[in-house]
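1. quick check, what structure comes out for this input:
(chains A and B)
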Amino acid sequence: MTLDAITLSVIQAALQQVCDEMDLAFSRAAFSPVIAEANDRSDGVYSAVDGSLIAQGQGGLPVFVGVMQYSTRTIIEMIAAGRCLPPEPGDTYIVNDPYLGGTHLMDVRFARPVYRAGTLFCWLSNTGHWPDIGGAVPGGFSASATSVEQEGLRLPPVKLFKKGELDPEIYAIITSNIRVADQRIGDIKAQAAALSIGEERLFAILDRYGDDTVLAAIEELRRRAAQQMRANIARIADGTYRSKAFVDSDGVVDAPLTIALSVEKAGDTLTFDFSGSSPPCQGPMNSVLATTLSSVYLAMRHIFPDVPISAGAFEPLIVKRPEGTFLDAKYPRPVSGCAAEVSQRIAESVFAAMVQALPDEVTAAPAGSSGNFALGGHDPARGRDFVMYQISGGGYGGNAGHDGLTNGCSTIGISKSPPVEVMEQAFPVLYRRYALREGSGGAGKHRGGFGLHYDVELLRGEARASFVMDHGRFGPQGALGGSDGMVNSVTVWRDGKAHVPLHLSKEQDIPLKAGDRVEVGTPGGGGYGDPATRDRAAVRRDVDMGYYTEDQARALFGGA
Amino acid sequence: MNENNRSGSVVAGIDVGGTFTDLILIDGKAGRVHIAKTPTTPDNQAYGVVAALADTGHPVDAIDLIVHGTTTTTNAVLERRLAKTGMITTRGFRDIIELGRRTRPQPYGMTGTFVPVIPRDLRLEVSERVLASGEVRTPLDEAEVREAVGALKAAGCESLVIHFLHAYANPSHERRAAEIARKTWPNDHITMGHALLSEAREFERGVTASVNASVRPILERYVGRLREELGARGYARDFLIMNGNGGMISARFVTEEAAKTVMSGPASGVIAAAYTGKRAGFPNLVTYDMGGTSTDVALIRNAEPAVSNETEIEYAMPIHVPMVDVHTVGAGGGSIARVDAAGLIQVGPQSAGAMPGPICYRRGGSEPTITDANLVLGRLAPRKLLAVANPVTVDDVRAVFAEKIGKPTGLDGVAAAGAVLRLGNLKMAGAIRMVSVSRGHDPRDFALFAFGGAGPLHATALARELGLPKVLVPARPGITNALGCVVADLRHDFVNTLNLPVAALDEARVTEVLERQRADGEALIAKEAVASTEVRYLHSADMQFVGQTHILNVRLPSTKVTRAELQALFAKAYFGRFKVSLPEIRASLVNLNTSVIGVRPEVDLSRLIDPAGRASTLEGALNERRPVWFDGTWIETLVYAREKLPLDAIIEGPAILEQMDATTVIEPGDRVTGDADGNLIVEVGR
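-> Numbering: from 1, shown residues only, chains lettered A, B, ... in the order given. Okay, the predicted model is just below:
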């Protein structure tokens, strides 16, 4: 069937709309603030044949770009191999196994087969970050786990809904293994309801344009998305672009992990080769293959935001399987840090290579950390335990057009950080400071944006502080002569004495008592271009605003 | 002022938009309606206002009441033409309004910038600290306050914000600091953070207060200039200004809470829609106001516009005061069409805006837009384009479509324009769906209310796409915002945060809060110079399930409500929205709200189109026949003068209805009837 440009464009927009409506429905109805407020979720449509991505919501969390096509493909393969019950109309599978096309255990995927006239037409799938999935620490980010079993409950693909009905037995197993289980029913219903809304909207499209036309359009759109990505790639000069990025440590062994990337541009493809990166690590900073691939895709999407997310767009991006490295973790390697931190270092390596190839379009490195700080303890005034999470932004990289943004969101996220007033209402803490981190932006013709400087005191009782951050050892890279942004810093003040985590950005269960404080400085963005060429009036203004001291400005930017 | 009956008095509504200043004057004494559209005068909007008044020929001193919607504050914020403003804040927190909540302007792309409304060197810190409980941890250092006030005065600040952490829980430090500042501050432009918005979230409250402070002097000067201009023409009475909540307030009081006038224009359009719809028997509406660069969409249920406390007027610029919940969709007549590298046609998000505008405006635009497509397809008559001195020919525009859209896709110029229109409608419908019917409403219960210059051009196609059975096109689509000024009521909104599980609520306390809100509103309404026929009260609760972050607004029947009733009302509303029932989980009450509305006398809309100008037969209203492109073919289509249509006319689509400020397209299969107020009601064919 040949399709005209009008029909194709119309069906493309309509499929996108299906995914966007699923995203909206999921967030609006979800309980977990991680999903409802932070939009840590994503929804998409996937091929019935091989699970490849047909369309994905534009409001989904960037780190999920492409991920669900791997879990959907795994489900299809496991059904074919008889390792998974065959699908029936109304079924919804649940899966969170990182090694079966996932991220970390907290990202729970639902997949629903969609039927037309008794035949499987496609899959709808979504992922939501659950606030807890069991395991050693609340929330799942154990900085010192050495195997996946310590990280929580691992679910292979099983049918959570059978013919539309929630399976009470599987539900009971799940809720018996996670914390604050009573609220999860709200998220489960919201996650399933989003798929139902997607199904309803998809049927309306199929009824209107015809199943065969839509199928033919999906094929053609895939081909054309590849063509669009190829057209973007073709603008790059042939050659090999190399970069490195470093993870401070794996949380267990105090040594940096190296991501070594070479990107070869030949014709209209880019080949990403991570061989030479560090071997698998003991701690939770391993990445599973699906997350590594997705990190490359999301970085490229930040560079070419106009190419719609689909399997076709990924075709010209060839990622060699990084076997034998920590970017292709196998069972039972712990992986909780892959989605939040390692993915951002992978993206950083892509930015650092591509800024050489496309200097006008790519920025110097952004802060690139989710800044996870967890504080768990007992509040004697309220007579109950609490777990508080603080996520933070940092500076973005300078770029050809302007200085980097201050306190931007993590590269892989789109979520807002919580207000200080809300934190102080909910937890026995007092923020002494929540400020722009002066001097943190990397110098450059266009400097990096500034990180955040906060200082929080435990008001009563006792608690334990845990950190999963990064960039404590190496700042976000400057580009084209720009300087690196300031490194992340964590200082725990106990009895007035400073304690710096051994791994700088990661440590678990540091005991605190009332009056003790945690002080964090998040990274500034990398600078872009030679600092000596920065407009002098801009340097002056930065000093007037107190962004840098006079001395810092002289040292970083030269001149009077 | 002695004006108890608008039907017997002379009321003028004036809306200043980006391009035009619109005026509608209803002369209840003479039974006449005057309409004027004059160019907006950006440097001093007052000139455009008096020009519009002069245009009516009605003596200004014989007008009983002038109600005014203004974009003065909106423009000041968007263009950052703000009064120099200083902030005094809690030590350790001066960067709150610059840091925001760790966001970026778009989900993909690591670029973009943000400029805070108050620069860092004008944000000074003083020692003081209140805890979340309201308890004082560090007393206010008054000497530091005096020093900071002096420094900001010396820096040339004209307006001052005092924004302390947890001031919503205990405002005593903010009040004391303001008291100190007042002793030496040269004017009364002092904004306390808790005064506008008494709820937690320091970034949102701080930005709201900062915006308010930065636009106060600007609004005050504008109101002063307008008062002077009107006074010089013999109008000595008080006049009213539209607030973003859809209610009006005396120009004497408006500046103190100047931030509330942001979104004044869009709010008045929605108010007019609600009023018109109620009279026409359409209490449930999706309003659709399509302009050049963007489209405003709002939801009206039971003749009441949805109100939101969480408007964001641009990236990282939240104004958290109750405002009519208007969603802006980034697609308008100026949205540009192109063919991407995949060979697919895309419409928007780039826009030609007002400058250079669509090609057919002949201001240098060279990219094909939705407006240009309407022209090529015969939907828009070249002679009807407003503000166009010398349009390019339809042939020229068609050639651009053939070249830029047709060539890469194998279409001719007309088919290319047809494709652009279809895709533009699809994308707009998608965006409208996301902010209206996707939120749990059944589209069959709603009608589409189309206004603005371009709304009625696309309305029937969009209604079909959205599954809305009817379209309502008001008598004067192009001056709907001005009409909103005429028909609006007086209105004051109150919000108090409780944040307690329903089970732990003290029912007497709920009643007490609601009744105090009610009394505060009555006192404010009594201060206004214009009379109300009655005072109405809307009570509601913002609720959620314990553990959830999103809130749902639940209407309360009275100030006396039991815990069981609250739980039941919420469960019902939640199921209605999400089709999920969660008996397992407890509900909690976040805010209690009251709106106190001073209802103004009814306005007669039946003369918006002069009945004397109506023809006795359909033929009498016929302008011309011309070929119009509908769904792939040219159809010879009857084009009528809207103002001349007989009141009882029935028109079967296709047809085009033209009037001074708008063109309405009736698609094949649609059927149009009229009503006594001059509205068109289109039954959308399937």
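2. residue 420: neighbour count?
-> You didn't pick a chain, so chain A it is. For A:Val420, the count of nearby residues is 27 (other C-beta atoms under 10 Å in any protein chain shown). In short, each C-beta sits where N, CA and C put it, glycine included.
3. look at chain B instead
-> By the measure other C-beta under 10 Å, the count of residues near B:Val420 is 31.
4. phi, psi of residue 462?
-> All of this is about chain A. Dihedral angles phi and psi of A:Glu462 (degrees, to the nearest 10) take the values phi -130, psi 160.
5. um, chain B though
-> As for B:Leu462, its main-chain torsions (degrees, to the nearest 10) stand at phi -70, psi -40.
6. just checking, it touches B:Ala447?
-> No: in this structure, B:Leu462 is not within contact of B:Ala447 by C-beta atoms under 8 Å, at 11.8 Å.
7. by proximity to chain B, which residue of chain A wins?
-> Among residues of chain A, the one nearest chain B by C-beta to the nearest C-beta turns out to be A:Gly393. It sits 3.0 Å away.
8. hmm, back to that, what touches both of B:Leu462 and B:Ala447?
-> Shared contacts of B:Leu462 and B:Ala447, defined by C-beta atoms under 8 Å, 6 or more residues apart in numbering or on different chains, are found at B:Leu468.
9. can you show me the strands along the stretch 451-560 of chain A?
-> With DSSP state E, counting those that start in this stretch as the criterion, the stretch 451-560 of chain A has strands at A:452-458, A:462-468, A:489-494, A:497-499, A:506-513, A:517-521.
10. which strands and helices lie in contact with the longest one?
-> Using 3 or more C-beta pairs under 8 Å, 6 or more residues apart in numbering or on different chains; DSSP states H and E as the contact criterion, the neighbours of strand A:506-513 among helices and strands are strand A:462-468, strand A:489-494.
11. reformat those strands as TSV; add mean neighbour count.
-> What follows is the helices and strands packed on strand A:506-513, written out as TSV (neighbours: other C-beta atoms under 10 Å in any protein chain shown):
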stretch	mean neighbour count
strand A:462-468	23
strand A:489-494	18
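12. hey, least reliable of those by pLDDT?
-> Of all the helices and strands packed on strand A:506-513, strand A:462-468 carries the lowest average pLDDT, namely a mean of 93.
13. tell me the pLDDT of B:Gly8.
-> Looking at B:Gly8, its pLDDT stands at 67.
14. residues touching residue 96, list them.
-> All of this refers to chain A. In this structure, A:Asn96 makes contact with A:102, A:105-109, A:133, A:153-155, judged by C-beta under 8 Å, 6+ apart.
15. sorry, I should have been clearer: chain B.
-> Under the criterion of C-beta under 8 Å, 6+ apart, the contact list for B:Ile96 reads A:434, B:89, B:163, B:202-203, B:206.
16. let's see which of those end up in helices.
-> Restricting the contacts of B:Ile96 to those inside helices, with DSSP state H as the criterion, leaves B:202-203, B:206.
17. and which of these is nearest to A:Asp495?
-> The shortest distance between A:Asp495 and any of these, using C-beta to C-beta, involves B:Glu202 and amounts to 29.9 Å.
18. for B:Met87, see how far away that closest one is.
-> From B:Glu202 across to B:Met87, the span is 12 Å (C-beta to C-beta, to the nearest Å).
19. which helix or strand in chain A has the lowest average pLDDT?
-> The element with the least model confidence among the helices and strands of chain A, by mean pLDDT, DSSP states H and E, is helix A:33-36, at a mean of 76.
20. which strands or helices does it pack on?
-> Counting contacts by 3+ C-beta pairs under 8 Å, 6+ apart, helix A:33-36 packs against helix A:5-29, strand A:119-129.
21. the first one close to chain B?
-> Yes: using C-beta under 8 Å from any C-beta of the partner chain, helix A:5-29 reaches chain B at A:5-6, A:8-10, A:12-14, A:16-17, A:20-21, A:24-25, A:27-29.
22. quick one: the residue of chain A closest to chain B from A:Gly524, how far?
-> If you measure A:Gly393 against A:Gly524 using C-beta to C-beta, the figure is 11 Å.
23. neighbour count: those two, which is higher?
-> The neighbour comparison of A:Gly393 against A:Gly524 (other C-beta under 10 Å) goes to A:Gly524, with 38 against 31.
24. where does that one fall, phi/psi-wise?
-> Residue torsions, per degrees, to the nearest 10, at A:Gly524 are phi -90, psi 160.
25. which residues do B:Glu202 and B:Met87 both contact?
-> With contacts defined as C-beta under 8 Å, 6+ apart, the residues shared by B:Glu202 and B:Met87 are B:His163.
26. distance-wise, check B:Glu199 relative to A:Gly101.
-> Distance check for B:Glu199 against A:Gly101: by C-beta to C-beta, it reads 43 Å.
27. likewise B:Ile24?
-> When C-beta to C-beta is applied, the distance between B:Ile24 and A:Gly101 equals 61 Å.
28. likewise for A:Gly525?
-> A:Gly525 sits at a distance of 32 Å from A:Gly101 (criterion: C-beta to C-beta).
29. picking up where we left off before, I'd like to know which of the strands of the stretch 451-560 of chain A is closest to B:Glu142.
-> Counting by C-beta to C-beta, and looking across all of these, nearest comes strand A:452-458 at 24.9 Å.
30. contacting residues around the closest one?
-> When contacts are taken as C-beta under 8 Å, 6+ apart, the neighbours of strand A:452-458 outside the stretch itself are A:371, A:375, A:377, A:390, A:392-394, A:407, A:428-438, A:440, A:512-522, B:92, B:99, B:102.
31. what does stretch A:533-546 give?
-> If you take C-beta under 8 Å, 6+ apart as the criterion, stretch A:533-546 is touched by A:403, A:438, A:443-447, A:548-550, A:553, A:557, A:559, B:119-121.
32. what about 10 Å?
-> For stretch A:533-546, contacts defined as C-beta atoms under 10 Å, 6 or more residues apart in numbering or on different chains pick out A:398, A:403, A:436, A:438-439, A:441, A:443-447, A:450, A:481-482, A:527, A:531, A:547-554, A:556-560, B:94-95, B:98, B:119-123.
33. so which of those are in helices?
-> Assignment to helices by DSSP H places the following of the contacts of stretch A:533-546 there: A:550-554, A:556-557, B:98.
34. would TSV of those with neighbour count and pLDDT be doable?
-> Conversion of these to TSV gives the following (neighbours: other C-beta atoms under 10 Å in any protein chain shown; pLDDT from 0 to 100):
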residue	neighbour count	pLDDT
A:Glu550	9	96
A:Asp551	10	95
A:Gln552	15	96
A:Ala553	21	96
A:Arg554	14	96
A:Leu556	21	96
A:Phe557	25	96
B:Glu98	23	98
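35. which two among these are spaced furthest apart?
-> A:Arg554 and B:Glu98 (24.1 Å).
36. contact partners for A:Ser249?
-> With C-beta under 10 Å, 6+ apart, A:Ser249 has these contacts: A:143, A:255-257, A:281, A:283, A:285, A:470, A:472-473, A:501-506.
37. for the nearest residue to B:Phe545 once chain neighbours are set aside, give me its contacts.
-> On the basis of C-beta to C-beta, 6 or more residues apart in numbering or on different chains, the spatially nearest residue to B:Phe545 that is not a chain neighbour turns out to be B:Ile585, at 4.7 Å. Going by C-beta under 10 Å, 6+ apart, B:Ile585 touches A:31, A:182-183, A:185-186, B:545-548.
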